[in-house]
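>>> turn this into a structure:
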Amino acid sequence: MATSASPTNRWLRRLSLAGALATGTLALGAFGPKYLSNETKTKHLTHVINRGDLAVTVTENGAVESSNNKEIKCLVKGGSTVLWVIETGTMVKPGDELVKLDQSQIEDKILQQKIVYENALANKITAESDVAVAKTSVTEYLEGTYKEERSKVEKEIFEAEQALRKTELSLQSALRLTAKGVVKDLQLEGEQFAVDSARKDLELKKTRLDSLEKYNKVKSVQELQSKLRAAEAKLASYEASLSLEEARLEREKKQLENCIIRADTDGMVIFPSMAAWKDTPDIAEGAVVREQQTLLMIPDVTQMQVKVGIHESKVDRLKIGMKAKVQLQELVLDGEVSEIAEVTRPAGWWTGNLVKYDTIIKLPSNSSLKPGMSAVVDIVLAEHKSVLTLPVAAIVQGAEGTFYCWTQSANAIRKKIIRVGDTNDQFTVILDGLSEGDEVILNPLSFIEEAQEIAMQFEQQLSQTKGSKESAATPEKAATEKKD
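Residues are numbered from 1 along each chain as shown. Modelled structure (predicted):
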């Protein structure tokens with residue numbers, strides 16, 4: 001019974017074709033000791049169908065790492081040069097020195113910044129003095145100069161009033177004497193002029209007082225307060241400048257502290273993960289490092305994991321929580337899939353152009369685990385219990401997605417159409433077409449002419465399908481080029 005070609009069957013198709021090229025010697029090495037039939041029946045290698053368990057797994061190599069790494073970064077602005085770095089794998093305690101960076105340039109900057117800071121401090125002190133003087137000037141005017149000028153004008157007004165009264169008395173006396181004929185009219189006119197002059201002088205003094213109150217005082221106070229505000233603004237500017245220069249000086253001092261990097265937790269120091277094409281650590285003595293570059297890591301050994309790359313053909317079958325066996329030298333641990341990347345890692349010549357997805361296998365806590373240990377991970381994609389299984393080498397795929405095998409009995413060899421299910425690298429689940437106890441010929445392409453013809457027909461179908469796709473793509477490509 002034929003089935004449509006699923007991704008698994010397509011993989012099986014390629015595997016079966018590869019098996020067709022295998023030599024009889026290889027088949028004998030792989031299956032001979034276990035599946036040799038009775039030599040009195042045939043010379044073919046055979047396999048007897050029976051029920052059993054089949055585990056479908058994917059095996060990849062990876063390395064142990066921590067899921068929680070304390071990153072030690074370069075915090076020196078603009079980067080620096082490494083003078084000394086601790087050896088990877090060293091156990092450290094809080095306060096232990098990890099990296100020493102060049103601090104000569106920073107020390108020069110600190111000296112320059114101190115000069116700028118002291119100048120800003122001097123400007124601030126001068127501005128504070130100017131503000132104090134301006135405040136004193138306002139008080140001095142209101143409490144001293146203004147009162148003095150007012151008192152002076154008031155005194156002049158008082159004197160003018162006294163002079164006016166004297167002239168008025170003199171005028172009255174002259175009027176009485178004129179009535180008696182003692183004083184002449186000319187003299188009386190002189191007395192009247194004196195009175196008018198004294199009155200005008202008094203009015204002038206009062207005008208001066210009024211002008212002092214309404215205009216001179218306001219003008220002088222405004223001028224003095226303007227100078228005060230200008231001095232205060234200048235002081236604020238110098239204070240801000242001083243704060244800025246002080247902050248810069250503190251930052252430079254902090255940069256100096258950042259040149260000595262110390263551990264703030266217990267653990268093992270390791271170098272960061274390196275790119276696949278590198279064979280040296282990211283940092284070493286004399287290396288130039290940039291700001292925020294990760295120099296070292298202190299992994300949390302209580303939270304360990306293995307990262308492996310799963311091929312694109314199998315990643316769709318992965319699920320969070322799937323069980324995995326992790327082989328670490330002599331140690332075998334049970335892990336589980338905790339994370340599957342949504343985006344593939346970049347493929348290139350350093351990966352053999354293989355497209356893989358990073359997958360994280362969570363490990364149980366174990367004191368023997370160390371970062372960087374190599375690991376072989378077997379992830380169980382599926383487990384089939386009590387199913388009929390057949391070696392991949394016994395299957396031939398024909399046209400239209402049909403699969404065949406050949407059974408052998410005491411009398412004859414028969415072709416059978418089979419329906420296959422899940423598969424691993426060696427065996428395939430048989431869903432239909434075979435029964436328990438059937439004896440199936442291994443590597444039929446090496447012995448049976450009919451199997452070779454079916455394989456050739458399948459190859460022709462693949463070639464025709466490929467040619468049809470290329471022909472269909474050509475007009476579209478031509479139309480696109482014409483449009484461009």
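>>> can we go C-alpha only for contacts and neighbour counts from here?
Noted.
>>> after the lengthiest helix in the chain, which helix or strand is next?
In terms of residue count, the longest helix belonging to the chain (DSSP state H) is helix 217-258. Counting by DSSP states H and E, the next helix or strand C-terminal to helix 217-258 is strand 260-262.
>>> for the next helix or strand after that next one, give the mean pLDDT please.
Once strand 260-262 ends, the next helix or strand along the chain (criterion: DSSP H and E) is strand 267-268. Taken as a whole, strand 267-268 has an average pLDDT of 86.
>>> where does pLDDT dip in the stretch 201-350 of the chain?
Along the stretch 201-350 of the chain, the model assigns pLDDT under 70 to residues 273-282, 347-350.
>>> no no, the stretch 351-484 of the chain
351-352, 469-484.
>>> elements contacting the longest helix of the chain?
Judged by 3 or more Cα pairs under 8 Å, 6 or more residues apart in numbering; DSSP states H and E, the packing partners of helix 217-258 are helix 104-140.
>>> got the domain boundaries for the chain?
Structural domains annotated on the chain: 7-53+384-483, 71-102+259-299, 105-257, as defined by automatic domain parsing.
>>> and the second one, end to end?
Using Cα to Cα, to the nearest Å, one end of domain 71-102+259-299 lies 8 Å from the other.
>>> how far does it sit from the chain's center?
19 Å (Cα atoms, centre = their mean, to the nearest Å).
>>> one more: the last one?
Using Cα atoms, centre = their mean, the distance from the centre of domain 105-257 to the centre of the chain it belongs to is 64 Å.
>>> include mean neighbour count when you put the domains of the chain into a markdown table, please.
Supplementary listing: the domains of the chain in a markdown table, determined by neighbours: other Cα atoms under 10 Å:
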| stretch | mean neighbour count |
| --- | --- |
| domain 7-53+384-483 | 16 |
| domain 71-102+259-299 | 17 |
| domain 105-257 | 16 |
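>>> and of those, who's closest to residue 355?
Each of the domains of the chain was scored for nearness to residue 355 using Cα to Cα, and the closest is domain 71-102+259-299 (14.7 Å).
>>> re earlier: a markdown table for the domains of the chain, including distance to residue 330?
Formatted as a markdown table, the domains of the chain follow (distance: least, Cα to Cα, whole Å):
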| stretch | distance to residue 330 |
| --- | --- |
| domain 7-53+384-483 | 24 |
| domain 71-102+259-299 | 21 |
| domain 105-257 | 45 |
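>>> residue 331 is nearest to which of those domains?
Taking Cα to Cα as the criterion, domain 71-102+259-299 is the member of the domains of the chain that comes nearest to residue 331, at 20.4 Å.
>>> tell me who's in contact with the residue nearest the centre of the chain.
For the chain, the residue nearest the mean C-alpha position is residue 292 (10.6 Å; Cα atoms, centre = their mean). The contact partners of residue 292, by Cα atoms under 8 Å, 6 or more residues apart in numbering, come to 73, 74, 75.
>>> distance of the residue nearest to residue 432 when sequence neighbours are not counted from residue 388?
Using Cα to Cα, 6 or more residues apart in numbering and skipping the chain neighbours, the partner closest in space to residue 432 is residue 419 (5.0 Å). Taken as Cα to Cα, the spacing of residue 419 relative to residue 388 amounts to 11 Å.
>>> can you check residue 304 too?
As defined by Cα to Cα, residue 304 lies at a distance of 39 Å from residue 388.
>>> same check, this time on residue 270
Applying Cα to Cα, one obtains 50 Å for the distance of residue 270 from residue 388.
>>> and what of residue 269?
To residue 388, residue 269 is 52 Å away according to Cα to Cα.
>>> one more: residue 140?
Here residue 140 is placed at a distance of 112 Å from residue 388 (Cα to Cα).
>>> run through the residues that contact the nearest residue to residue 314 once chain neighbours are set aside.
Nearest in space to residue 314, with sequence neighbours left out and distances taken as Cα to Cα, 6+ apart, is residue 58 at 7.9 Å. For residue 58, the contacting residues are 314, 377, 378, 379, 380, 381, by Cα under 8 Å, 6+ apart.
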